[in-house]
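**Q** need a 3D model of the following:
(2 chains)
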There are 2 protein chains.
Amino acid sequence: MALIVQKFGGTSVGSPERMKAVARRIADTKKAGNDVVVVVSAMGHTTDELIDLARRISPDPPPREMDMLLTAGERISMALLAMAIHDFGCEAASYTGSQAGIITTTEHGRAKIVDVRTARVTEALSRGLIAIVAGFQGVSETADITTLGRGGSDTTAVALAAALHADVCEIFTDVDGVYTADPRIVPEARILHAVSYEEMLEMASAGARVLMARAVEFARNHGVVVHVRSSFNDRTGTFVRQEDERMEKAIISGVTHDTSEAKVTVQGVPDRPGIAARLFGELAGEGINVDMIVQNVSVDGHTDISFTVSRDDAARAMAVVEPIAGEIGAAGASVDPEIGKISLVGAGMRSHPGVASAMFAALSESGVNIEMISTSSIRVSCVVRERDVVRAVRAVHDRFNLSEEAIIREIHPG
Amino acid sequence: MALIVQKFGGTSVGSPERMKAVARRIADTKKAGNDVVVVVSAMGHTTDELIDLARRISPDPPPREMDMLLTAGERISMALLAMAIHDFGCEAASYTGSQAGIITTTEHGRAKIVDVRTARVTEALSRGLIAIVAGFQGVSETADITTLGRGGSDTTAVALAAALHADVCEIFTDVDGVYTADPRIVPEARILHAVSYEEMLEMASAGARVLMARAVEFARNHGVVVHVRSSFNDRTGTFVRQEDERMEKAIISGVTHDTSEAKVTVQGVPDRPGIAARLFGELAGEGINVDMIVQNVSVDGHTDISFTVSRDDAARAMAVVEPIAGEIGAAGASVDPEIGKISLVGAGMRSHPGVASAMFAALSESGVNIEMISTSSIRVSCVVRERDVVRAVRAVHDRFNLSEEAIIREIHPG
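**A** Sure thing, here's the model as predicted:
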C-alpha cells in the first residue's frame, strides 16, 4: 500500500463528464489499496470568469479580496469531485487550503507556502477517506485567505506530498508526459521516462509548459518523486526525480522552445561601470523579469546591451529603458517581439563538451541565424527569428537523435 | 455613533451595477460615523446554479460536500462587495462564516447557530474597517463548513447583531417594509412602522415572505431591533421589536395570505383514541411539516380529519396517510391543492374580543366560504378556495380599516 498524491488541473475537471472520469480514476487508485490525497484546481475557465467579474466591479481590486474571490473556484471543483467520488463507492471529503493546513506568507496573489500542517488530512486518511484538497490556495499566518499564483496547484500537490512523505506525487495533465520536443512541431518526439529535477527546471524555464519551475524546485528541495502523466489514459508518463549515476548516460533530454518573449536592445551604450547594474536594477524594481542578457564586445568605447522579457512586459520594460538610455547618452533603445528561443537541455552536457557547438552547427546548416546565446551547465539557449523556430527545433531534435530511445531507457526509475 | 448590521439579499447584489449601489449605501453609512458590519447572500441565482451543477454530478450528493459547494456563492459576493466598497473610499474586509466565528451544529444544510465568536469582526471594526460577513454559512464544532438552510442570511445578520450588541439590524430587501397586506392585491395597503416580534412571527408563518420566522425568533430571543427596509430607496421601513405598552393600541397589524399549501382530508375516521397521534406522528417522522389541523365533531362514531401541508409535500403526505386510512378502516383520503389561507394578525387581539367574528362576517358578506379555521392568541387564519383569496384579503383589509394610519403611528419606535 502506497500513499499517493494526485493533482488534477482545470482542464481535467472542466465539465461534469470529465469530473466523473477523474473521480473514477481516483476511486480505482483507492480500491487498489492506496491512501489517496487529491489536489484539484478550479474547473476550466472558472478563474478567468471570476477575474472578469472582479474587473466589472473594480479597476483595481484589493489583493486580499481578489484572493477571497478566486478561492471560490477550487471550492466548487473540490466539492463536486468529492460528490462524484462518492458515487463510485468511495468516501471522500474536501478541504480548503486553510483546512488542509497550507500555511503561507501574507503576499496575496503570490503567497509562498511556509508550512503544511497535515493533521486534518492525516486524520481523514486514517478514517479511510480520500482527502480532496483545494489547490492554489492557503491561509496566511494572520488567518487571511491567500493564493499561490501561477503554478500554485502543482506546488500545493508537491508540498502535500513532501509533508505527508507520499510515495509519489502524480501530476495529471492534458499531455502524456515530458517530451523530447513539442510533438506538435516534431511528430517523432518521444516521451522521456525520467528527467532530473535540474533538467526539468531548465526545461520549465525554457518554455516547457508541462510543470511550473516553482513546483519542480519544491520537489527537488524535498526529494518528492513527481510523475507527470495524462488524465485521459493510463499510460506511464515522465518521472521527475533525483539524478542518479545511471542518468549520466543521457546526454540530452530534450529541446524546448518559447515564443512568448521579446528582445529589448539598447544601442551605443557608453562602456562605463554601473550602467548595467542601474538598468537591470530598475527593471527588477518594476517587477519585470529579465530572462537572457547579452552584452557585445565594446567598439570605440560603446556597446549594445540586449535582453529578453515576457512580451506582456515589453512596453513596461521600454518605459524603464528609454529614459535611462537618454540620460546615459546611449544611441537609442528598441524592442523586437518577433523572436523565439530554442533551448537544449541535458544533465549529460556537463561531462560532454561540444554539445553547444553541435547545436550551433545544426542551426547554421538549416539556415537559422542565431541572435543571442546563453548557457547554463545543463542548457544551451539561442534566440532566433520567430519564423525560424519550427525549423530550428526540428534541426536540433534531429541532430541529437532525440527520437531514439536507447540511452534514456536505462534511467527508467524503479 | 452606532454599530449597525446591514444585510443584503441575493437580489440586492444580483449584478455588478446593483453591487455598486449597495456598496455606496454601505460606504455612506460608514462615512456618517457608524461602525458597519455587512452580511451578504450569494448573488442572484448563484445558489440555484451551484445546486444544478451538483445534480449534474451526483443524484444524491453528500450533505457535507453540498455545503462546501454552496458556500462558494457568498464567498464570491462578499469579495466583490468588499472590492466595490473600496472604490467608494472605505476599507472593507470580507470574512467567511468560519472566519467571522459563526459556530453551528453539525447538521449540514440546516445547521443551527450555537455561538458567535466575534473577536475577528470586532478587531476589524477597531481598525476602522467595514466587516463583510458571508450569510447563510458557518463552521461546525468539528471544523466542517455548514449552511443554515432557508432564511439563513437573515439569521446570520440577527445573530451577529445580537453578539455584537448592535444598535440595529437592517434587513435590506426588494420591498419597502412589512405591509398591512400584499400591495399587489390591496393597492391601499400601508407599510407598518413597527410590529412586535410575536406579530412578525405569526405573519411570517402565515405567508408574509419578507422575513423568515427563524430570524425573527432569534431576534426576539436576543432583543435585537430589526429594521426591514428597501435596498432601492432610503425610506424608513418597518421596525420589528419588543412589544411595549404603546403597541396595545394597535389591534390589528395586517392580513396575510398563503397559496402554497394543500389540504389533506381523511374521511370517516373511527373515533378512537390514538389515531390522530399515529397519523401526525408518522407525518412528522417523514419530515412533513403540518400547518393547520381540524377535526370535526364526531357523527355516528366517525369523524373527518383535515390538515394542511406545503403543496410540495402533498404527494408524500398522501403516501403516509393512505395506508393508515386503510388500516384504521377510514372511508378514504383525498388531497385538495386549490386552497388559500387568509390570516389576520395583531397583538391587540388578546384584549379585543370579537376580532375573529368580525373577520368571519367580512368573509361571509363578500361571499367567501370558510373551510377551516385556526387561531392563536394574536392570529386568526381561515382556509378558503384559492380563487377566493384576493376577494377575501380585500374584504378583511377593508373591514379593519387597515389603510388608515392613525392607531399605528403611535407605536413608531424612538
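**Q** which secondary structure element is home to residue A:333?
**A** Counting by DSSP states H and E, the element that carries residue A:333 is strand A:332-336.
**Q** do residue A:276 as well
**A** For residue A:276, the host element (DSSP H and E) is helix A:275-285.
**Q** returning to that earlier point: what does the strand holding residue A:333 contact?
**A** Outside strand A:332-336, the residues within contact range by Cβ atoms under 8 Å, 6 or more residues apart in numbering or on different chains are A:262-268, A:314-315, A:317-318, A:321-322, A:325. For the C-beta atoms, the positions are set from N, CA and C on the backbone; glycine is no exception.
**Q** go again with 7 Å.
**A** For strand A:332-336, contacts defined as Cβ atoms under 7 Å, 6 or more residues apart in numbering or on different chains pick out A:262, A:263, A:264, A:265, A:266, A:267, A:314, A:318, A:321, A:322, A:325.
**Q** for the residues you listed, which PyMOL command selects only the ones that are buried?
**A** Those of the contacts of strand A:332-336 that count as buried under 16 or more other Cβ atoms under 10 Å in any protein chain shown are selected in PyMOL with:
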select buried, chain A and resi 262+263+264+265+266+267+314+318+321+322+325
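**Q** who's in contact with the residue sitting furthest away from the middle of chain A?
**A** No residue in chain A sits farther from the centre than residue A:300, which is 42.3 Å out by Cα atoms, centre = their mean. Applying Cβ under 7 Å, 6+ apart to residue A:300 gives no contacts.
**Q** now it: phi and psi?
**A** Taking degrees, to the nearest 10, you get phi 50, psi 40 for the backbone angles of residue A:300.
**Q** for the stretch 201-350 of chain A, just list every one of the strands.
**A** Remark: strands assigned in the stretch 201-350 of chain A by DSSP state E, counting those that start in this stretch are A:226-230, A:238-241, A:254-258, A:261-270, A:290-295, A:302-310, A:332-336, A:339-345.
**Q** weakest of the ones you listed by average pLDDT?
**A** In terms of average pLDDT, strand A:290-295 trails the rest of the strands of the stretch 201-350 of chain A, at a mean of 86.
**Q** what residues of it count as buried?
**A** A:290, A:291, A:292, A:294.
**Q** sorry, back to before: give me the sheet partners of the strand holding residue A:333 and which way each runs.
**A** Take DSSP bridges as the rule and strand A:332-336 pairs in its sheet with strand A:261-270 (antiparallel).
**Q** centre of the chain to the partner strand, how far?
**A** Taking Cα atoms, centre = their mean, to the nearest Å, one finds the center of strand A:261-270 at 27 Å from the center of the full chain.
**Q** what do you get for stretch A:130-146?
**A** On the basis of Cα atoms, centre = their mean, stretch A:130-146 sits 21 Å off its chain's mean C-alpha point.
**Q** quick check: mean pLDDT of it?
**A** 96.
**Q** and if you look at stretch A:209-222?
**A** pLDDT averaged over stretch A:209-222 gives 91.
**Q** can you show me the CA trace of it as CSV?
**A** What follows is stretch A:209-222, C-alpha atoms only, in CSV (Å, rounded to 0.1, in the frame of the first residue of the first chain):
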residue,chain,number,x,y,z
ARG,A,209,4.7,24.3,-20.1
VAL,A,210,4.0,20.9,-18.5
LEU,A,211,5.2,21.7,-15.0
MET,A,212,5.9,25.0,-13.4
ALA,A,213,9.5,25.6,-12.3
ARG,A,214,8.3,26.6,-8.8
ALA,A,215,6.7,23.2,-8.2
VAL,A,216,9.8,21.4,-9.5
GLU,A,217,12.0,23.4,-7.2
PHE,A,218,9.9,22.5,-4.2
ALA,A,219,10.0,18.8,-5.3
ARG,A,220,13.8,19.0,-5.6
ASN,A,221,14.2,20.6,-2.2
HIS,A,222,12.1,17.9,-0.5
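**Q** run through who's touching that stretch.
**A** Residues from elsewhere that reach stretch A:209-222 (Cβ under 7 Å, 6+ apart): A:150-151, A:154-155, A:158-159, A:162, A:171, A:173, A:175, A:178, A:197, A:200-201, A:204-205, A:226, A:228, A:240.
**Q** what subset of those is buried?
**A** Among these, those buried by neighbour count (16+ other Cβ under 10 Å) are A:151, A:154-155, A:158-159, A:162, A:171, A:173, A:175, A:178, A:197, A:200-201, A:204-205, A:226, A:228, A:240.
**Q** can you tell me which of those are up against chain B?
**A** Applying Cβ under 7 Å from any Cβ of the partner chain to these, one finds that nothing falls near chain B.
**Q** so which of those sit within helices?
**A** If you go by DSSP state H, the buried ones among the contacts of stretch A:209-222 have A:154, A:155, A:158, A:159, A:162, A:197, A:200, A:201, A:204, A:205 in helices.
**Q** mind listing what's buried in stretch A:383-394?
**A** A:383, A:384, A:385, A:386, A:388, A:389, A:390, A:391, A:392, A:393, A:394.
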